[in-house]
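K.L.:
pasted the sequence and its predicted model underneath.
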There are 2 protein chains.
Amino acid sequence: MSKVRAYISTSLDGYVAGPNESMEEPLGEGGERLHDWVVVLRAWREAQGMEGGEENASNAVVAEDNANLGAEIMGRGKFGPPNRGPWGDDPWRGWWGEDPPFHKPVFVLTHHEREPLTLSDTTFHFVTGGIESALERARESAGDKDILIGGGADVINQCLAAGLVDELQLHVVPIILGGGARLFEGVGPDVKLEQVSAIEAPGVTHVKYRVVK
Amino acid sequence: MSKVRAYISTSLDGYVAGPNESMEEPLGEGGERLHDWVVVLRAWREAQGMEGGEENASNAVVAEDNANLGAEIMGRGKFGPPNRGPWGDDPWRGWWGEDPPFHKPVFVLTHHEREPLTLSDTTFHFVTGGIESALERARESAGDKDILIGGGADVINQCLAAGLVDELQLHVVPIILGGGARLFEGVGPDVKLEQVSAIEAPGVTHVKYRVVK
């Protein structure tokens, strides 16, 4: 049965990006450190077509995160560029170069219409009808596979508040960002979660939750 | 070697008490649920002089939290009453009845002077000189034993920001409070932490951090 899932790295103070996102610091000031635990892993490097990397308890978690995904939904903030707004004559093609690491359809939430963009085996579809509309299209693409709500915070918070998420995996990193994009902002106590698992790994704790419907 | 430690239960959205603390809801709206995981435990019930209770992975964590403590520092908010202010003619004696569960000297941060209050084997000392002064007096009392920064959020945040904490244990509970007293508020990225351990238990994840000095 197809699930809607989200996974994201968060600081101890609940930020999934630091303050002042920019071209130089797409994840805001200090935000890059949210991913220190993952970029050293074999599982992550393999997904980027790179060799080597560490083997530890995080590998299985990353592999599970990325298994059985048929489509991803992301916010305009994640796709970029940081100044947002209309696409213009020479439209931004994402942060990931000519071979993005998604390998599946990606639905980008935006206020500005745009034709689909295909780079290697990833096609970005630009959806102006809001999250419900993006989810409908992602479901059509994904079939029996799961749909990833790929962030940023705004999109995950919207989906949680609307009861659209089935499973949430937090990668809790021992850093304090002191500002930025906060997970759970606007998500109230009516959203009920059940802890599924907690896994200790070097420099991170992985905690998975099921949303109780 | 004596350490300064803090442990506290936190919601997923980073609150250690819900909104609108009151006589009826000392931990704010929904805040009581932060302690659902602990009040069922044998280790917790024993500390309150009660029999029975569950045995699970949390028992060892609670036992470790409470081992080797020589003194506790708490905020006026934790001692109560919720309306704070001057003590008056019939001063508040805490939430815990005539046999409080501390069994050690407790230093209460307050703006209002007051003579010490002894209830059974717990003496509450009221400190008006701020956190550094409370810590000095707690150190004298505790000797070789550790000092607990017992909360609420304000006191722990002050101590973290001032570099006074050696070890922080978070009990992360799968609830969303949506408001209240937030941990890490005002604690910036200059405070560096190292993950020591993460333990999965029913309805809670225990993550311990060492503060890097």
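P.N.:
Now that the structure is in, tell me what you want to look at. Numbers count the residues shown, from 1 in each chain, chains lettered A, B, ... in the order given.
K.L.:
and A:Lys208, helix, strand or coil?
P.N.:
Look at A:Lys208: counting by DSSP: H, G, I helix; E, B strand; the rest coil, its state is strand.
K.L.:
quick one: it and A:Glu194 touch, right?
P.N.:
No: the criterion here is Cβ atoms under 8 Å, and A:Lys208 misses it with A:Glu194 at 9.8 Å. Yep, even glycine has a C-beta here, placed from its N, CA and C like the rest.
K.L.:
okay, the two: which has more neighbours?
P.N.:
The residue with more neighbours, out of A:Lys208 and A:Glu194, is A:Lys208; 20 against 11, by other Cβ atoms under 10 Å in any protein chain shown.
K.L.:
may I have the secondary structure class of A:Phe126?
P.N.:
strand.
K.L.:
quick check: closest non-adjacent residue to it.
P.N.:
Spatial nearest neighbour of A:Phe126, chain neighbours left out: A:Arg114 (4.1 Å); criterion: Cβ to Cβ, 6 or more residues apart in numbering or on different chains.
K.L.:
check contacts around the spatially most central residue of chain A.
P.N.:
In chain A, the centroid-proximal residue (Cα atoms, centre = their mean) is A:Gly150; its distance is 2.3 Å. Residues near A:Gly150 by Cβ atoms under 8 Å, 6 or more residues apart in numbering or on different chains: A:Ala6, A:Glu72, A:Ile73, A:Met74, A:Lys78, A:Val106.
K.L.:
if we use 10 Å, what do you get?
P.N.:
Residues counted as contacts of A:Gly150 (Cβ atoms under 10 Å, 6 or more residues apart in numbering or on different chains) are A:5-8, A:69, A:71-75, A:78-79, A:102, A:106-108, A:156.
K.L.:
show me these that map onto strands.
P.N.:
A:5-8, A:69, A:71-75, A:106-108 (DSSP state E).
K.L.:
so which of the residues you listed wins on neighbours?
P.N.:
The most neighbours of any of these, using other Cβ under 10 Å, belong to A:Ile73, which has 28 neighbours.
K.L.:
quick one, what contacts the residue nearest to A:Gly188 when sequence neighbours are not counted?
P.N.:
Nearest non-adjacent residue to A:Gly188, counting by Cβ to Cβ, 6+ apart: B:Gly178, 4.2 Å away. Contact analysis of B:Gly178 by Cβ under 10 Å, 6+ apart lists A:184-191, B:11, B:13, B:15, B:18-19, B:29-30.
K.L.:
farthest-separated two in those?
P.N.:
A:Glu185 and B:Glu29 (18.1 Å; Cβ to Cβ).
K.L.:
and those two? Which one has more around it.
P.N.:
Higher neighbour count among A:Glu185 and B:Glu29: B:Glu29, with 18 against 15, using other Cβ under 10 Å.
K.L.:
excluding sequence neighbours, find me the nearest residue to the more buried one.
P.N.:
In space, B:Glu29 is closest to B:Gly18, 4.3 Å off (Cβ to Cβ, 6+ apart).
K.L.:
return the member of the ones in strands among the contacts of A:Gly150 nearest to B:Pro91.
P.N.:
Among the ones in strands among the contacts of A:Gly150, and counting by Cβ to Cβ, the member closest to B:Pro91 is A:Ile8, at 47.7 Å.
K.L.:
tell me the pLDDT at A:Pro101?
P.N.:
Note on A:Pro101: pLDDT of 89.
K.L.:
what distance do you get for it to A:Ala47?
P.N.:
Going from A:Pro101 to A:Ala47 by Cβ to Cβ, to the nearest Å gives 6 Å.
K.L.:
what residues are shared contacts of these two?
P.N.:
Joint contacts of A:Pro101 and A:Ala47 (Cβ under 10 Å, 6+ apart) are A:Asn66.
K.L.:
more neighbours: which of these two?
P.N.:
Remark: of A:Pro101 and A:Ala47, A:Ala47 carries more neighbours, 16 against 13, as counted by other Cβ under 10 Å.
K.L.:
just list what the lowest-mean-pLDDT helix or strand in chain A packs against, helices and strands only.
P.N.:
When the helices and strands of chain A are scored by mean pLDDT, DSSP states H and E, helix A:42-47 comes last with a mean of 85. On a contact count with 3 or more Cβ pairs under 10 Å, 6 or more residues apart in numbering or on different chains; DSSP states H and E, helix A:42-47 meets helix A:36-39, helix A:57-66.
K.L.:
what residues of that helix count as buried?
P.N.:
Neighbour counts over helix A:42-47 (16 or more other Cβ atoms under 10 Å in any protein chain shown) mark A:Arg42, A:Ala43, A:Trp44, A:Arg45, A:Ala47 as buried.
K.L.:
which members of those residues are the farthest-apart pair?
P.N.:
A:Arg42 and A:Ala47 (9.8 Å).
K.L.:
quick one: common contacting residues for those two?
P.N.:
When Cβ under 10 Å, 6+ apart defines a contact, the residues bordering A:Arg42 and A:Ala47 alike are A:Val62, A:Ala63.
K.L.:
tell me what A:His171 is bridged to.
P.N.:
Going by DSSP bridges, A:His171 is paired in beta bridges with A:Ser9, A:His206.
K.L.:
now the helices: where do they sit in chain A?
P.N.:
A:36-39, A:42-47, A:57-66, A:76-79, A:131-142, A:153-161 (DSSP state H).
K.L.:
OK, contacts around the closest residue to A:Gly53 other than its chain neighbours?
P.N.:
In space, and not counting its chain neighbours, A:Gly53 is closest to A:Arg42: 3.5 Å by Cβ to Cβ, 6+ apart. When contacts are counted by Cβ under 10 Å, 6+ apart, A:Arg42 touches A:Met50, A:Glu51, A:Gly52, A:Gly53, A:Glu54, A:Glu55, A:Asn56, A:Ser58, A:Asn59, A:Val62, A:Ala63.
K.L.:
switch the cut-off to 8 Å
P.N.:
A:Arg42 sits in contact with A:Gly52, A:Gly53, A:Glu54, A:Glu55, A:Asn59, where contact means Cβ under 8 Å, 6+ apart.
K.L.:
buried ones among those?
P.N.:
Using 16+ other Cβ under 10 Å, the buried ones in the contacts of A:Arg42 are A:Gly53, A:Asn59.
K.L.:
how about the residues of chain A near chain B?
P.N.:
Contact residues, chain A versus chain B (Cβ under 8 Å from any Cβ of the partner chain): A:12-14, A:30, A:170, A:172, A:174-178, A:183-184, A:187-189, A:191-195, A:197-200, A:203-205, A:207, A:209.
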